[in-house]
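Enquirer: A structural model of the following input is requested.
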Amino acid sequence: MNDLAPLLTPEGRALLDDVRGTAPADELAVATRLRREHPAELVSAALGQARLRQRAEAKFGAEDAGRMFFTSNGVEQSTRASVATYRARRLKALGVTSVADLCCGIGGDAIALARAGIRVLAVDRDPLTAATARANADALGLAGLIDVREADVTEVDTAPYDAVFVDPARRGGRGRIFDPEACSPPLSWAVQAALKAPHAALKVAPGIPHEAVPAEAEAEWISDGGDVKEAVLWFGTAPGAVRATLLPGPRTLLGRGLPDPEVRPVGRYLYEPDGAVIRAHLVAEVAQEVEGGLVDPTIAYVTSDALHATGYATAYEITDQLPFNVKKLKALLREREVGILTVKKRGSAVEPEELRRKALPKQHGPHSATVFLTRVAGAPTMLIGAPARAVTGAGPS
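Expert: The predicted model follows:
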């Protein structure tokens, strides 16, 4: 669908209500029924929008997704609502009252900013995308705070605004773009736009090399539910600072410039740092917090003899350490009557599903275990254990 307008008419909105929650297996029957009274193209558009809304629930929640409008790219590229809300609240805490949201997409970030009480200029050069953002602002009752403009972001005057937010397009005709300078607009342009504003936030891919972070920026890596979602370059805050923020929470770990942890023998506990901590290169901060060291100089697993409360890593109690050997692992699992095996790996080429298939006994037992495929002091190793019983607490924020 290249035109949103038909779905915004009374007939289109009624159709959207009619097809809400339609299961894929029922689409043909529903479409056949509705096409007796409505144009075929409008019925197809309504069903397509219903599918997009179902996909969007994971990012926006059922209530908002059921009222919003989406494009295929918009669902894929939009910021998860929890992350956008966190970022908007941080801007609000900086005293920001107005933001120029450049490359606004379908308006996910603009919605979070407006709900934080911030006035937003939302800009996108694609007509359908801009129309979708405008429809979403209206659908959620935020049109009074969100001004959507169809324009080239490089031609927008951001001087009247307290802050600039830029989310460059990181997908092209051939898929995901990894080079920040190949994004649209390129990172270099976004940085220059950020430096002109009192405050700015640039959304970038979490894989951005640390050496690509401008000296004027603070770098923050954000995860949600253990999955790394993005990195943000902040301007007007703390140049050179590095932080990892974990949602829900938020829990924020600030870099202290610690040296790499020492390598030590595997202790009773293994700590798996959150992905945002690893991306932010803050494993040393976690190691210090749990009084531990690394199992290998190239692996982000921390080991310690004691169980410490931390909000930045998951703790496991290790019961066995074996050289990599599938037969020995299978024998141990049979002896322990393990029927549920979780396989984690770091620094190993073995596929978890393949190992699970080969190592689990045919007669599944009632117990569970976790095996870590990794290197210990350079040697391929299997560490077997289970999540630590004590509940880990939240670290300082």
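Enquirer: which secondary element of this protein has the worst mean pLDDT?
Expert: Lowest on mean pLDDT, DSSP states H and E among the helices and strands of the chain sits strand 171-172, with a mean of 56.
Enquirer: For the stretch 1-150 of the chain, which segments count as helices?
Expert: 5-8, 10-19, 27-34, 40-65, 72-77, 81-93, 108-115, 127-139 (DSSP state H, counting those that start in this stretch).
Enquirer: Out of those, flag the one nearest residue 292.
Expert: Closest approach to residue 292 among the helices of the stretch 1-150 of the chain is made by helix 81-93 (28.6 Å; C-beta to C-beta). (Glycine included, C-beta is placed from N, CA and C.)
Enquirer: If you count contacts, what does the closest one end up packed against?
Expert: Contacts defined by 3 or more C-beta pairs under 8 Å, 6 or more residues apart in numbering; DSSP states H and E place helix 81-93 against helix 40-65, helix 108-115, strand 163-166, strand 199-204, strand 218-224, strand 227-235, strand 242-247.
Enquirer: pLDDT at the closest residue to residue 143 other than its chain neighbours, what is it?
Expert: Excluding the flanking residues, the one nearest residue 143 by C-beta to C-beta, 6 or more residues apart in numbering is residue 137, at 4.7 Å. Note for residue 137: predicted pLDDT of 98.
Enquirer: Likewise for residue 76?
Expert: We have a pLDDT of 89 for residue 76.
Enquirer: ok, it to residue 104 distance?
Expert: 15 Å (C-beta to C-beta, to the nearest Å).
Enquirer: okay, those two: which has more neighbours?
Expert: Per other C-beta atoms under 10 Å, whichever of residue 76 and residue 104 has more neighbours is residue 104, with 32 against 14.
Enquirer: looking at it, that one is touching residue 123, isn't it?
Expert: Yes - using C-beta atoms under 8 Å, residue 104 is in contact with residue 123, at 5.9 Å.
Enquirer: Identify the contacts common to those two.
Expert: Residues touching both residue 104 and residue 123 by C-beta atoms under 8 Å, 6 or more residues apart in numbering: 130, 148.
Enquirer: Closest to the centroid, which residue in the chain?
Expert: residue 229 (1.8 Å; C-alpha atoms, centre = their mean).
Enquirer: in the stretch 251-397 of the chain, which spans are strands?
Expert: Secondary structure of the stretch 251-397 of the chain, counting by DSSP state E, counting those that start in this stretch: strands at 251-254, 269-273, 293-294, 302-304, 313-323, 338-345, 367-376, 379-387.
Enquirer: Can you check which of the ones you listed gets nearest to residue 94?
Expert: Once the strands of the stretch 251-397 of the chain are compared by C-beta to C-beta, strand 251-254 is nearest, at 14.7 Å.
Enquirer: Could you check how far that closest one is from the centre of its chain?
Expert: The gap between where strand 251-254 is centred and where its chain is centred comes out at 16 Å by C-alpha atoms, centre = their mean, to the nearest Å.
Enquirer: One more: stretch 306-315?
Expert: 22 Å.
Enquirer: Am I right that the residue nearest to residue 143 is in contact with residue 113?
Expert: No - Residue 137 is not in contact with residue 113 according to C-beta under 8 Å; the separation is 10.9 Å.
Enquirer: So between the two, which is more surrounded?
Expert: Just comparing residue 137 and residue 113: by other C-beta under 10 Å the higher neighbour count belongs to residue 113, 31 against 24.
Enquirer: can you list the weak-confidence ranges in the stretch 1-150 of the chain?
Expert: 1-2 (pLDDT under 70).
Enquirer: can we see that at 90?
Expert: Where the stretch 1-150 of the chain drops to pLDDT under 90, the residues are 1-3, 21, 72-73, 76-77.
Enquirer: Mind checking the helices and strands packed on helix 81-93 for the one nearest to residue 366?
Expert: Residue 366 lies closest to strand 227-235 among the helices and strands packed on helix 81-93, at 30.1 Å (C-beta to C-beta).
Enquirer: what are the pairing partners of the closest one, and which direction each?
Expert: When sheet partners are counted by DSSP bridges, strand 227-235 sits next to strand 199-204 (antiparallel), strand 218-224 (antiparallel).
Enquirer: Please compute how far the shortest one lies from its chain's middle.
Expert: This means strand 199-204. Relative to the centre of its chain, strand 199-204 is centred 16 Å away, using C-alpha atoms, centre = their mean.
Enquirer: Format the CA atom coordinates belonging to that strand as CSV.
Expert: Extracted in CSV, the C-alpha atoms of strand 199-204 (Å, rounded to 0.1, in the frame of the first residue of the first chain):
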residue,chain,number,x,y,z
HIS,A,199,21.8,18.6,23.5
ALA,A,200,21.6,15.8,21.1
ALA,A,201,21.1,12.0,20.9
LEU,A,202,22.2,10.0,17.8
LYS,A,203,20.9,6.4,17.6
VAL,A,204,23.5,4.1,16.1
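Enquirer: Quick one: mean pLDDT over that strand.
Expert: Per-residue scores along strand 199-204 average to 96.
Enquirer: So what touches it?
Expert: For strand 199-204, the surrounding residues in contact (C-beta under 8 Å, 6+ apart) are 79, 87, 91, 94, 96, 162-168, 180, 187, 190-191, 193-194, 217, 230-237.
Enquirer: Please apply the same query to stretch 77-97.
Expert: With contacts defined as C-beta under 8 Å, 6+ apart, stretch 77-97 is touched by 56, 58-61, 64, 99, 105-106, 108-109, 111-113, 115-119, 162-163, 165, 167, 169-171, 199, 201, 203, 222, 224, 229-230, 232, 236-237, 245, 247-248, 250.
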